[in-house]
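*Asks:* below is the sequence, then the predicted model.
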Amino acid sequence: MKHLISIDQYDYQALHTLFENVSKEKYGFIESNYPKKSQIATLFYEPSTRTSASFHSAAIQLGYSVLPINEVTYSSVTKGETLEDTIRTIGSYVDLIVLRHSEKGAAKRAAEVSTVPIINAGDGNGEHPTQTLLDIYTIWKTFKKINGLTVTLMGDLKNGRTVHSLIKILRHYKVKINLISPDSLKLPKEYYKNSDIEYSIFPKDLQTDILYVTRIQKERGSKEDYKLSYDELISLPSNAIVMHPLPRAGEIPVLFDNDPRAKYFEQIKNGLLVRKALLRELLI
Ligand code: NCD
């Protein structure tokens, strides 16, 4: 049985195998005798639009059915049921559980007791590996390479789980990483210790290939506020791209949405394909 708990589970080879599978998914080149499993659960203890909807949609498109549990407030969780007991219960009904939880480490705890694969769909301020899979796929698809690129991560680097997983996957490539955040929301040291990568904190200009913007995680106690102006965004290099896991809370003005460098809506589309490929991989 395979779980996806941390992006650490992906090395260069596994990632590029996934990219191939995503392409097959896109063009429908899947062998017809591919095994089918019947049901997945989306168990969400925190709000979600894209992650839960895309897993749901991916499962339906693969011919699986879905048990969506988004309103845990209406479940025995409000009666004090532990995560472990909830996982054991849901795992008796389905073949795989997609779990989002407000505590770092929750997906790992779930995997320890689960009889079915667990996919970490975000654990507090820990990681968000499936977002990273779609992010890195979007980068690879746009530039046809990853080595040699400059990636600028901007926003709540302390509590933003999408940047935590993204920075980990970038260890497999030769990239330059710029980190821009309010002082109180700097990236924790554990995430950027890698001697092969050149990090720059608060680079003086936005000479970058990728500007990856994140929301301030108010629900995790982050307080600062910041916004990028339309003028700042249009002055990015002409072949740069702007990414955001969404939801945005004013960091990127809507006016920029039609700029060809805005990739955040394409990320969403890629997310569906990546999650389809991932579900197949884990349900073999
Ligand atoms: C992100 C998350 O939940 O971590 N959203 C997402 O899954 N696309 C980003 C965020 O909430 O800021």
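*Replies:* All right, it came through fine.

*Asks:* quick one: contacts for S229?
*Replies:* P253 (Cβ atoms under 8 Å, 6 or more residues apart in numbering). All C-beta atoms are positioned from the backbone trio N, CA, C, and that covers glycine.

*Asks:* how close does it get to the ligand?
*Replies:* S229 is 20 Å from the ligand, where distance means Cβ to the nearest ligand atom, to the nearest Å.

*Asks:* likewise for L236?
*Replies:* Per Cβ to the nearest ligand atom, L236 is found 21 Å from the ligand.

*Asks:* in the protein, what helix or strand scores lowest on average pLDDT?
*Replies:* Ranked by mean pLDDT, DSSP states H and E, the weakest helix or strand in the chain is strand 198-201, scoring a mean of 85.

*Asks:* adjacent strands (with direction) for whichever helix or strand comes after that one?
*Replies:* Using DSSP states H and E, the helix or strand that directly follows strand 198-201 along the chain is strand 210-213. Its sheet considered, strand 210-213 pairs with strand 150-154 (parallel), strand 241-243 (parallel) by DSSP bridges.

*Asks:* quick one: contacts of strand 210-213?
*Replies:* Contacts of strand 210-213 (Cβ under 8 Å, 6+ apart): 135, 139, 149-155, 163, 166, 228, 236, 240-244, 248, 251-252.

*Asks:* again, only using 6 Å
*Replies:* V151, T152, L153, M154, G155, I241, V242, M243, H244, E251, I252 (Cβ atoms under 6 Å, 6 or more residues apart in numbering).

*Asks:* tell me which of those residues is nearest to S92?
*Replies:* Using Cβ to Cβ, H244 comes nearest to S92 of the contacts of strand 210-213, at 37.9 Å.

*Asks:* distance of that closest one from the ligand?
*Replies:* Applying Cβ to the nearest ligand atom to H244 and the ligand gives a distance of 8 Å.

*Asks:* now do T132
*Replies:* 10 Å.

*Asks:* just give me the neighbour total for that residue.
*Replies:* 26 (other Cβ atoms under 10 Å).

*Asks:* rewinding a little: what strands line up against the least confident helix or strand of the chain, and which way round?
*Replies:* strand 176-180 (parallel).

*Asks:* the strand it pairs with - what's its average pLDDT?
*Replies:* Averaging pLDDT along strand 176-180 gives 94.

*Asks:* so how far is that strand off the chain centroid?
*Replies:* 19 Å (Cα atoms, centre = their mean, to the nearest Å).

*Asks:* could you export the contacts of strand 210-213 as JSON lines, including neighbour count, pLDDT and distance to K108?
*Replies:* Output for the contacts of strand 210-213, formatted as JSON lines (neighbours: other Cβ atoms under 10 Å; pLDDT from 0 to 100; distance: Cβ to Cβ, whole Å):
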{"residue": "V151", "neighbour count": "23", "pLDDT": "97", "distance to K108": "27"}
{"residue": "T152", "neighbour count": "23", "pLDDT": "97", "distance to K108": "30"}
{"residue": "L153", "neighbour count": "28", "pLDDT": "96", "distance to K108": "24"}
{"residue": "M154", "neighbour count": "22", "pLDDT": "96", "distance to K108": "28"}
{"residue": "G155", "neighbour count": "28", "pLDDT": "95", "distance to K108": "25"}
{"residue": "I241", "neighbour count": "24", "pLDDT": "98", "distance to K108": "32"}
{"residue": "V242", "neighbour count": "22", "pLDDT": "98", "distance to K108": "32"}
{"residue": "M243", "neighbour count": "26", "pLDDT": "98", "distance to K108": "27"}
{"residue": "H244", "neighbour count": "22", "pLDDT": "98", "distance to K108": "27"}
{"residue": "E251", "neighbour count": "17", "pLDDT": "95", "distance to K108": "30"}
{"residue": "I252", "neighbour count": "23", "pLDDT": "97", "distance to K108": "32"}
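
*Asks:* can you list the residues of this protein near the ligand?
*Replies:* By the rule Cβ under 6 Å from any ligand atom, the part of the chain lying against the ligand is R50, T51, G122, H128, Q131, R161, T162, T214, R215, P245, L246, P247.

*Asks:* what's the PyMOL line that selects buried ones from these?
*Replies:* Remark: buried members of the residues of the chain next to the ligand, expressed as a PyMOL selection using 16 or more other Cβ atoms under 10 Å:
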select buried, resi 50+51+122+128+131+161+162+214+215+245+246
